[in-house]
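Asks: Predicted model, plus sequence, below.
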Amino acid sequence: MKNFKLGLLSAAIAGGLASQATFAADTIADAVTSGKATFDFNLRYEDVDNDATDSDGMTLRSRMGYKTGDYKGFSAFAEFEDVRDAFGIDDENGLIPDPEVTEVEQAYVQYKTDEVTAKVGRQVITLDGHRYVGHVGWRQDRQTFDAARVQFAPAKGLNVDLTHIYKRNRIFGETADADSADNLVNVSYVTPVGKLVGYAYLLDDETLVRESDTYGVSFSGKKAKDSITFLYSLEAATQESTQSGVEYDTDYLFAELGFTLSGVTTKVGYELLGSDDGAASFSTPLATLHKFNGWADVFLGGTFTPTAMPNGLEDTYVSIGTKVGPVGLTTVYHDFSSDEGSLDYGSELDVVASMAFAKNYKVGIKYAAYSDDGYNGAGDVDKLWLWVGAKF
């Protein structure tokens with residue numbers, strides 16, 4: 001499986017473009033000029049307060065993209081991104097990972113029919129609700145991948161997603177990018193009672209010389225009965241990883257139950273990032289890690305690097321979400337402990353309120369309060385965000 005490659009896909013698409021260009025240059029030119037430009041701006045203030053230090057920063061992220069029209073299923077997209085400190089508020093103290101950067105955010109060629117979608121180049125990739133592969137869109141410099149990807153549906157309800165990643169473009173600017181040889185296989189089937197997913201994520205970070213093979217299965221769905229909609233999710237995975245020449249075996253479990261009643265959604269969940277006898281934990285280095293295990297990001301490093309949180313993590317949480325007029329509200333409470341050794345890792349309360357208005361604009365406020373119980377070297381952590389965005 002490690003030798004599985006999608007290089008032939010890249011060659012096929014590149015060859016197809018070359019052959020089209022030899023006899024249809026005028027038509028391709030029309031496709032290029034009939035495209036659509038996109039603009040995306042986000043101004044955000046972030047304040048971080050812990051027992052060791054305080055920091056704050058304000059940044060403006062600007063994205064400008066252009067998608068060509070289609071020509072016989074082919075199209076192309078290019079997007080540029082710039083992140084700048086704003087209004088002189090840049091006392092970040094290394095705690096706010098939004099560096100100033102100007103870069104090519106995406107640049108890919110796509111071939112699409114009713115049955116197949118294929119992309120080659122720099123692109124956004126998300127899978128499984130971002131738990132394993134995500135764009136880290138919460139940060140100003142989004143994570144993208146240089147990759148070849150093909151998605152197809154061989155039968156009704158059945159979807160196959162195959163990806164080969166040859167470079168990870170991380171959120172810290174080009175100096176933190178990593179060459180890789182990652183192969184992602186995701187197969188899903190939609191049943192009358194939910195979606196069943198099987199996956200194999202074979203990661204090889206050639207820069208850090210770190211490998212991991214993760215195999216898992218998940219099932220999620222919802223069922224409406226009278227005025228209540230019941231929600232359910234269950235997932236299990238196993239992981240073999242190698243770091244600095246040492247091999248580790250870890251497991252992952254996730255269970256979530258919930259319901260929606262009168263516009264209010266309540267969920268209770270449990271997530272286990274298992275430990276290998278106190279030596280290393282289950283890791284998801286390509287994930288949108290901010291989405292999981294508390295917005296204060298206390299455990300982010302531990303889920304990125306296996307040995308950074310050797311005793312693993314158990315996260316038991318309750319969330320409540322609703323809308324009050326145009327404003328979306330969500331509150332989450334987490335209780336954290338270790339998988340190995342029954343250590344108390346503290347608790348966290350997270351609250352967010354956001355609103356979209358006038359079609360193209362959004363505003364929001366978000367707060368995270370982590371209460372330490374001996375796990376975090378920086379002690380208690382409080383974080384506050386305020387933002388306004390526009391998309392055209």
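Replies: Now that the structure is in, tell me what you want to look at.

Asks: Just the strands from the stretch 51-200 of the chain, written as ranges.
Replies: For the stretch 51-200 of the chain, the strands defined by DSSP state E, counting those that start in this stretch cover 54-67, 74-91, 101-112, 116-123, 144-155, 158-169, 178-191, 194-205.

Asks: can you list these in CSV and add mean pLDDT and distance to G137?
Replies: All C-beta spots, glycine's among them, are computed from the backbone N, C-alpha and C. Putting the strands of the stretch 51-200 of the chain into CSV (pLDDT from 0 to 100; distance: least, CB to CB, whole Å) gives the following:
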stretch, mean pLDDT, distance to G137
strand 54-67, 97, 10
strand 74-91, 96, 12
strand 101-112, 96, 11
strand 116-123, 98, 14
strand 144-155, 97, 10
strand 158-169, 97, 13
strand 178-191, 96, 19
strand 194-205, 97, 20
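
Asks: Nearest to T265, out of these?
Replies: Closest to T265 of the strands of the stretch 51-200 of the chain is strand 194-205 (CB to CB; 17.0 Å).

Asks: Check which helices and strands that closest one sits against.
Replies: strand 178-191, strand 210-225 (3 or more CB pairs under 8 Å, 6 or more residues apart in numbering; DSSP states H and E).

Asks: what packs against the helix or strand harbouring K383?
Replies: Here K383, judged by DSSP states H and E, is contained in strand 381-391. Counting contacts by 3+ CB pairs under 8 Å, 6+ apart, strand 381-391 is packed against strand 36-50, strand 361-371.

Asks: one step back: and the helices and strands packed on strand 194-205 as TSV, adding distance to A378 and mean neighbour count?
Replies: Below are the helices and strands packed on strand 194-205 laid out as TSV (distance: least, CB to CB, whole Å; neighbours: other CB atoms under 10 Å):
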stretch	distance to A378	mean neighbour count
strand 178-191	26	18
strand 210-225	25	16
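
Asks: so A296 makes contact with E348?
Replies: Yes - under the criterion of CB atoms under 8 Å, A296 makes contact with E348 at 5.8 Å.

Asks: Now do the shared contacts for the two.
Replies: Listed as contacting both A296 and E348 by CB atoms under 8 Å, 6 or more residues apart in numbering are A368, A369, Y370.

Asks: ok, the second one to M58 distance?
Replies: Which is A369. 21 Å (CB to CB, to the nearest Å).

Asks: And what about G301, helix, strand or coil?
Replies: helix (DSSP: H, G, I helix; E, B strand; the rest coil).
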